[in-house]
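[1] Below: sequence and its predicted model.
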Amino acid sequence: MSNTATVQAIYEAFGRGDIPAILEMLDEDVRWDHWPHGNGAQRAGVPWMAERRGRADVAHFFETLGELDITGFEVGNLLEGGDQVAAVVELSGTVKATGGSITNDEMHLWTFGADGLVTEFRHYIDTAQAAQAIVAEPTTTSPA
């Protein structure tokens, strides 16, 4: 399977909610959102942007996505070069605890080992927007 086909399969599994299928396509020691000095969302404590290492830890990434009400997730172009695939993604949703909204044009960068497994993954997003969404004031309903 080509690296692009693997990324397509990962997004298809995500759409089905099949996290075990995704984890099988990752190297046992995969690095997830590793930034040498962190990024703004990591420094702000955005749970789904935390750095992760290894399949078991990446499973926690998918658990943290439960904190979002994802209302839109569209994968656009996939661009392959060398051992990497870049995916253009449009994501929208709301942080359940705060009501803070997120509308991002993202880029996902997937890096592969010689065995065809993902060795590294990074989100390129508007980190300030993600940080703001987790601290937004919770929405409340006024009594009628």
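    Yep, it's here.
[2] And the helix or strand where Thr71 lies, what's buried?
    Secondary-structure assignment from DSSP states H and E places Thr71 in strand 68-81. Of all the residues in strand 68-81, those buried under the rule 16 or more other CB atoms under 10 Å are Leu68, Val75, Leu78, Glu80. All C-beta spots, glycine's among them, are computed from the backbone N, C-alpha and C.
[3] Tell me, what's the model's pLDDT at the nearest residue to the last one once chain neighbours are set aside?
    Same thing as Glu80. Spatial nearest neighbour of Glu80, chain neighbours left out: Thr4 (4.8 Å); criterion: CB to CB, 6 or more residues apart in numbering. For Thr4, the model assigns a pLDDT of 98.
[4] Touching, Gly100 and Ala133? I think so.
    Yes: Gly100 is within contact range of Ala133, at 3.2 Å (criterion: CB atoms under 8 Å).
[5] Need the residues touching each of these two.
    Applying CB atoms under 8 Å, 6 or more residues apart in numbering, one finds that Gly100 and Ala133 are jointly contacted by Thr94.
[6] helices or strands up against the strand holding Thr71?
    Packing partners of strand 68-81 (3 or more CB pairs under 8 Å, 6 or more residues apart in numbering; DSSP states H and E): helix 3-16, strand 84-95.
[7] what's in contact with that strand?
    Contacts with strand 68-81, where a contact means CB under 8 Å, 6+ apart, come from 2-4, 7-8, 11, 14-15, 48, 85-96, 102.
[8] what about 10 Å?
    Defining contact as CB atoms under 10 Å, 6 or more residues apart in numbering, one finds that strand 68-81 is touched by 2-5, 7-8, 10-12, 14-15, 47-48, 85-97, 99-110, 112, 133.
[9] beta partners of Val89?
    Here Val89 shows beta-bridge partners Val75, Glu106, assigned using DSSP bridges.
[10] per-residue confidence at it?
    Predicted confidence (pLDDT) for Val89: 96.
[11] cool, and the one 5 residues further on?
    According to the per-residue confidence, Thr94 scores 92 in pLDDT.
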